[in-house]
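Enquirer: Sequence and predicted structure are below.
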Amino acid sequence: MMLDIFDFYDKMEKHNIILSFKGDVTSELLTSILQIMESKMDNMQEEPKMKKKVYNVLVECLQNLYHHMDDTAAESGEKRSAIFMIGKKDNLYNIVTGNYIANENVAGMKSRLDEVNALTKEELKDYYKQILNNGEMSLKGGGGLGMIDIARKTGQKLGYHFQAVNDKISFFSLNIKISQI
């Protein structure tokens, strides 16, 4: 166990991880993480514009974890938990999230992410307005606006991966890059 913790520390150092968390995502946790990151960015003397961009994307990422963790994982014996990490190297922030998702929801999620990734900045803006105006809301209330908003704010494609765990669930990871530009 002691060697494992050094390996973990070493990997976090090499990947410039500022903050990481694994466990159940609660509303209290969201508030704490946002406060911690705000404080860390203040201590790093981050530019106000970058701080705002990182904070806003972080809010979206954490809300996605909070609202969209599938209960299917708990039903199949997996803990209803998630993982979250944020790192910074040079002028690039990297936010990585991971959570269990029902296999039946993977195709829909992949399709939506691919659709968002295929759009230009202007098309993302129009698509966002279209969903708002049409009142297309998902069962969880957002209509996929969070992913569109993240893509709009970062100007980057959303990196993602689905790892099959068993015949009922997969592990969904999302990788967001935020740069000054």
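Expert: Noted; the coordinates are in hand.

Enquirer: Sheet partners, orientation included, of whichever strand or helix holds I176?
Expert: Here I176 sits within strand 169-179, counting by DSSP states H and E. Paired neighbours of strand 169-179 in the sheet (DSSP bridges): strand 92-102 (antiparallel), strand 159-164 (antiparallel).

Enquirer: how about the last one: buried residues?
Expert: Of the residues in strand 159-164, those buried under the neighbour-count criterion (16 or more other CB atoms under 10 Å) are 160, 162. Where C-beta positions appear, they are placed from N, C-alpha and C, glycine not excepted.

Enquirer: Quick one: name whatever helix or strand follows the worst-scoring helix or strand of the chain on mean pLDDT.
Expert: Ranking every helix and strand in the chain by mean pLDDT, DSSP states H and E puts helix 72-75 at the bottom, with a mean of 55. Later in the chain than helix 72-75, the nearest helix or strand by DSSP H and E is strand 82-89.

Enquirer: Show residues contacting that next one.
Expert: With contact meaning CB atoms under 8 Å, 6 or more residues apart in numbering, strand 82-89 is reached by 15-25, 33, 37, 44, 58, 61-62, 65, 69, 93-100.

Enquirer: give me that answer again for 6 Å
Expert: 15-22, 25, 65, 94-99 (CB atoms under 6 Å, 6 or more residues apart in numbering).

Enquirer: are any of those buried, and which?
Expert: Taking 16+ other CB under 10 Å as the criterion, what is buried in the contacts of strand 82-89 is 17-19, 21, 25, 65, 94-99.

Enquirer: Please identify which two of those are farthest apart in space.
Expert: I18 and N99 (20.1 Å; CB to CB).

Enquirer: where's K11 relative to S179, distance?
Expert: Distance, K11 to S179, using CB to CB, to the nearest Å: 23 Å.

Enquirer: Just want to know which of these two has more residues nearby.
Expert: Neighbour count, other CB atoms under 10 Å: between K11 and S179, S179 has more, with 14 against 10.

Enquirer: quick one: that one and L92 touch, right?
Expert: Yes: under the contact definition of CB atoms under 6 Å, S179 touches L92, with a separation of 5.0 Å.

Enquirer: so how far is F162 from the residue most central in space within the chain?
Expert: To find the centre residue of the chain, average its C-alpha atoms and take the closest one (CA atoms, centre = their mean): that gives C61, at 3.6 Å. Plainly put, C61 is 17 Å away from F162 if you go by CB to CB.

Enquirer: now Q63
Expert: 20 Å.

Enquirer: Show me what the longest helix belonging to the chain is packed up against.
Expert: If you go by DSSP state H, the chain has its longest helix at helix 48-68. Helix 48-68 sits against strand 92-102, helix 145-154, strand 169-179, with contacts defined as 3 or more CB pairs under 6 Å, 6 or more residues apart in numbering; DSSP states H and E.
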